[in-house]
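Novice: Could you look at this predicted model? Sequence included:
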Amino acid sequence: MSDIIRFGISIPADLIASFDQFIAERHYTNRSEAIRDLIREKLVQREWDAKIKGKQVIGTITSVYDHHKRELLNKLTDLQHDFHEHIISSQHIHLDHHNCLEVIIVRGEAEKVRQLADKINALKGIKHSQLTMTTSGLDLK
């Protein structure tokens, strides 16, 4: 058995309440088990991404964020300009007074598309962001 490392994280109360509900629904015995599975899931996703290195993909980056978060809109716009050659289109939707949905349609090398998605996801104020990639169809017969 490998060494166990303990660490602390800060999570808003409503997020941990939702996570605890997820844990109960999935019959986990504790938070650590659930967190380990989520980490493994992301590591498997990273491995899958490596297998499509250099391939052309098309997809969407869908993000929900708090538009009141200071400088977030400027950072999102700057990122989109930095990756303009990979962005086909974007759609901005006002969900309510505080929350917005942004859908960015992307195309290009999988690595670059993933970089953009990762940079968006890492921005403070992004509540949820997900990249969905699929084939461009060029390799399909």
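Specialist: Arrived safely.
Novice: Check the spacing between E33 and I39 real quick.
Specialist: Distance from E33 to I39, counting by C-beta to C-beta, to the nearest Å: 11 Å. Where C-beta positions appear, they are placed from N, C-alpha and C, glycine not excepted.
Novice: Between the two, point out the one with more neighbours.
Specialist: Here E33 and I39 are compared on neighbour count by other C-beta atoms under 10 Å; more neighbours surround E33, at 13 against 10.
Novice: Surely I88 is in a helix?
Specialist: No: under DSSP: H, G, I helix; E, B strand; the rest coil, I88 falls outside any helix and is assigned strand.
Novice: what's near enough to touch it?
Specialist: I105, V106, R107 (C-beta atoms under 8 Å, 6 or more residues apart in numbering).
Novice: Would you mind confirming that the last one is in contact with I58?
Specialist: Yes: taking contacts as C-beta atoms under 8 Å, R107 lies within contact range of I58: 4.6 Å.
Novice: All set now, cheers.
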